[in-house]
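Colleague: using only what follows, build the 3D model:
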Amino acid sequence: MSTTSASIERLAIDTIRTLSMDAVEAAKSGHPGTPMALAPVAYLLYQDILRYDPSRPDWPNRDRFVLSCGHASMLLYSVLHLAGVRQLGPDGQPTGELAVPLEHIRQFRQLHSRCPGHPEYRHTAGVEVTTGPLGQGVATSVGMAIAARWLAARYNRPDFPLFDYKVYVLCSDGDLMEGVSGEAASLAGHLRLSNLCWIYDDNGITIEGHTDLAFSEDVAARFRAYGWNVLRVEDVNDLAALRQAIAAASLGERPTLIVVRSVIAWGAPNKQNTHDAHGAPLGEEEVRLTKRAYGWPEDARFAVPPEVVEHFRQGIGTRGPALRERWETMLAAYAGRYPQEAKELGGIAAGKLPPDWDAEIPTFPADAKGLASRASSGKVLQAVAKRIPWLLGGSADLAPSNNTLLQFEGAGHFGPQTPAGRNFHFGIREHAMGAAANGLALSGLRPYVGTFFVFSDYMRPAMRLAALMELPILYIFTHDSIGVGEDGPTHQPVEHLAALRAIPNLVVIRPADANETVEAYRAALGLTDRPVALVLTRQNLPTLDRSVYASAEGLRQGAYILREAEGGKPDVILIGTGSEVHVCLAARELLAKDGLAARVVSMPSWELFDMQPQDYREAVLPPRVDRRVAVEAGIDQGWHRYIGPRGAFVGMTGFGASAPAGVLMKHFGLTAENVAAQARRILAAD
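Modeller: Residues are numbered from 1 along each chain as shown. Next up, the predicted model:
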């Protein structure tokens with residue numbers, strides 16, 4: 001493998017190709033064709049283009065690279081190995097160890113390898129975002145580009161360009177077929193995110209065959225209509241043309257799509273340009289023939305020529321640290337001139353909130369009329385956002401209903417001409433909004449996004465990835481039940497609480513009154529390793545008199561004894577969430593008239609409750625009291641873990657209907673009378 005027969009660039013590119021082929025072949029699983037085709041792009045980005053320090057892959061002003069076609073993961077792992085990217089420890093500091101050692105490439109797709117089937121954020125340093133479902137990577141990159149714009153607008157000063165990084169994305173036909181990418185591209189075009197560059201692998205192949213089976217649109221024309229700059233490179237192996245296109249992408253005032261023609265499994269004599277090379281190993285004989293075509297030793301496995309390692313070391317390995325060190329020198333000088341701003345940046349980098357961030361949160365007096373929890377949420381959001389400058393977000397065209405618009409002085413609206421604004425207008429694009437929130441959180445900001453609860457279905461893929469990546473995002477979902485009323489069953493979420501509770505590492509909170517909403521914000525913003533969904537009402541909820549009822553601080557434990565049974569020895573426990581807690585309180589009084597003692601437990605969050613010690617959980621729900629009634633305007637899925645085999649559930653068994661909220665609650669049995677009747681029934685049972 002002497003450089004006398006091929007340039008060092010070609011040798012480096014073929015090293016990426018052969019590492020990818022060998023890893024997939026060893027695993028007997030994976031996608032070799034795209035890494036083989038796109039190796040020139042990955043090589044060029046890391047070696048020549050990206051402002052990136054392999055020794056500090058968390059450097060705040062690094063350029064971001066997103067492999068949206070995550071099935072081509074070996075492309076990324078190969079280049080991370082060659083570039084010498086270092087792993088980060090639990091404390092976020094570099095360990096000095098390679099993020100992707102060769103032994104991990106040998107264990108591609110195996111347990112405990114840092115080379116899983118699709119790239120995973122936090123698992124492997126250098127992976128900027130978990131990209132599994134197609135379209136999520138490109139959509140998340142929009143949030144990353146927005147974050148770069150916002151950080152620059154808030155913190156840059158004359159002679160201190162702290163934030164000017166760019167976001168580069170490799171995407172596939174599959175990414176651009178998925179609807180989320182269209183929403184995201186439309187938003188990016190509207191916002192004129194010129195720091196965003198998508199490189200589209202136009203190879204014409206998907207799993208089933210050639211793309212013309214199902215895809216015949218003019219992608220370039222579509223993106224021009226979105227307001228993007230569109231460039232073409234006719235041959236991915238033409239490094240000069242690639243360089244020219246990427247350089248041109250940095251000059252415009254719009255996001256750029258570079259359409260790059262490639263041949264999947266380039267160099268494989270029998271499988272290039274076929275769908276056979278997309279999602280299966282090439283086979284030992286085809287690997288051997290392909291290596292012969294490259295001029296590579298046919299029997300070599302996982303070969304990394306030392307001159308390639310030295311080439312990367314002299315390239316990005318030298319250029320990257322120098323860029324970072326200059327930036328750190330600038331940051332130190334900046335801190336001397338702008339100490340408050342530097343302090344904020346320190347908080348963002350550390351993932352910490354400012355001291356006393358909750359000092360202005362209101363306390364709500366007892367009020368029988370009360371407030372909808374969406375309204376109390378809006379008041380609390382204003383108070384905390386004033387004190388957390390990097391808490392920002394918006395709604396999918398529903399801010400007046402979700403109460404998510406920041407209205408204090410200086411909040412502003414994010415736009416092409418106003419990039420320091422903290423109110424985002426995502427339009428009716430829940431898919432893209434959820435993914436963009438991931439990009440904002442990956443950039444160190446604390447985003448919130450809002451919509452009607454029933455539309456959380458549109459956001460679920462991005463929410464699942466947020467939970468997987470441990471991102472502290474706040475979802476504000478309003479219009480939480482059949483209490484929506486006249487809009488009817490299409491807008492009345494009944495299965496959505498169960499659906500969100502099924503996502504690991506997502507905390508769901510459904511507060512019962514204004515002061516529980518206060519504590520929900522304290523709990524939610526205090527969590528830094530998982531997203532939180534607030535589920536809020538459209539209808540008013542009485543604000544409870546906390547001199548009579550237990551403190552709303554009990555919400556932080558997920559469930560608490562709101563009102564104890566007379567005498568402290570309950571015959572039955574009534575458990576409610578949200579608006580149905582008040583139904584439980586009324587049912588308690590009805591049961592008391594029959595001489596039956598009922599404890600009322602407010603259980604706004606299963607997840608927070610499950611985090612508590614066993615002795616606390618058993619104090620709230622003692623095993624000896626096995627007669628329990630759970631009340632919630634949703635389906636019963638999951639509730640039996642709390643009510644047990646002798647309990648009862650009062651809620652929904654099907655979809656809602658179109659009628660005023662009060663009529664619906666009575667029609668579906670969400671009344672104190674029915675709850676009391678169910679309690680009597682289970683108490684009378686053997």
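Colleague: hang on, isn't R538 packed against H479?
Modeller: Yes: counting by Cβ atoms under 8 Å, R538 touches H479, with 4.7 Å between them. Backbone N, C-alpha and C define where each C-beta goes, glycine included.
Colleague: what about the strands in the stretch 1-150 of the chain?
Modeller: Along the stretch 1-150 of the chain, counting by DSSP state E, counting those that start in this stretch, strands occupy 64-67, 86-88, 94-98.
Colleague: in its sheet, what does the second one sit against?
Modeller: Strand 86-88 pairs in its sheet with strand 94-98 (antiparallel), by DSSP bridges.
Colleague: ok so, going back, between R538 and H479, who's got more neighbours?
Modeller: Legend: neighbour count by other Cβ atoms under 10 Å for R538 and H479, higher for H479 (26 against 22).
Colleague: so that one is in contact with T490, correct?
Modeller: No: judged on Cβ under 8 Å, H479 makes no contact with T490 at a distance of 11.7 Å.
Colleague: ranking the strands of the stretch 1-150 of the chain by burial, who's on top?
Modeller: Across those, averaging neighbours per residue (mean count of other Cβ atoms under 10 Å) puts strand 64-67 on top, at a mean of 26.
Colleague: neighbouring contacts of the helix or strand bottoming out on mean pLDDT in the chain?
Modeller: For the chain, using mean pLDDT, DSSP states H and E, the weakest element among its helices and strands is strand 205-206, scoring a mean of 74. Residues from elsewhere that reach strand 205-206, judged by Cβ atoms under 8 Å, 6 or more residues apart in numbering: 33, 173-174, 211, 213-215, 264, 273-275, 277-278.
Colleague: setting the sequence-adjacent residues aside, check what's closest to the residue nearest in space to the middle of the chain.
Modeller: Residue closest to the mean C-alpha point of the chain, counted by Cα atoms, centre = their mean, is A466 at 2.8 Å. Excluding the flanking residues, the one nearest A466 by Cβ to Cβ, 6 or more residues apart in numbering is P531, at 4.5 Å.
Colleague: ok, back up a step: for the contacts of strand 205-206, pick the one with the most neighbours.
Modeller: Busiest of the contacts of strand 205-206 [other Cβ under 10 Å] is G33, holding 32 neighbours.
Colleague: what about stretch 20-31, distance to the chain center?
Modeller: 29 Å (Cα atoms, centre = their mean, to the nearest Å).
Colleague: list the buried residues of that stretch.
Modeller: S20, M21, D22, A23, V24, E25, A26, A27, G30, H31 (16 or more other Cβ atoms under 10 Å).
Colleague: so can I have JSON lines of those showing distance to I8?
Modeller: Output for these, formatted as JSON lines (distance: Cβ to Cβ, whole Å):
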{"residue": "S20", "distance to I8": "19"}
{"residue": "M21", "distance to I8": "20"}
{"residue": "D22", "distance to I8": "21"}
{"residue": "A23", "distance to I8": "23"}
{"residue": "V24", "distance to I8": "25"}
{"residue": "E25", "distance to I8": "25"}
{"residue": "A26", "distance to I8": "26"}
{"residue": "A27", "distance to I8": "29"}
{"residue": "G30", "distance to I8": "27"}
{"residue": "H31", "distance to I8": "27"}
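Colleague: nearest to A441, out of those residues: which one, please.
Modeller: Nearest to A441 among the buried residues of stretch 20-31, counting by Cβ to Cβ, is H31 at 27.9 Å.
Colleague: so Y200 sits in a strand?
Modeller: Yes: judged by DSSP: H, G, I helix; E, B strand; the rest coil, Y200 forms part of a strand.
Colleague: I'd say it and C171 touch.
Modeller: Yes: taking contacts as Cβ under 8 Å, Y200 lies within contact range of C171: 5.5 Å.
Colleague: so between the two, which is more surrounded?
Modeller: Remark: of Y200 and C171, Y200 carries more neighbours, 27 against 24, as counted by other Cβ under 10 Å.
Colleague: give the bridge partners for that one, please.
Modeller: C171, V259.
Colleague: now do the helix or strand A676 falls within: distance to the chain's middle.
Modeller: When elements are assigned from DSSP states H and E, A676 belongs to helix 672-684. Centroid separation for helix 672-684 versus its chain: 42 Å, with Cα atoms, centre = their mean.
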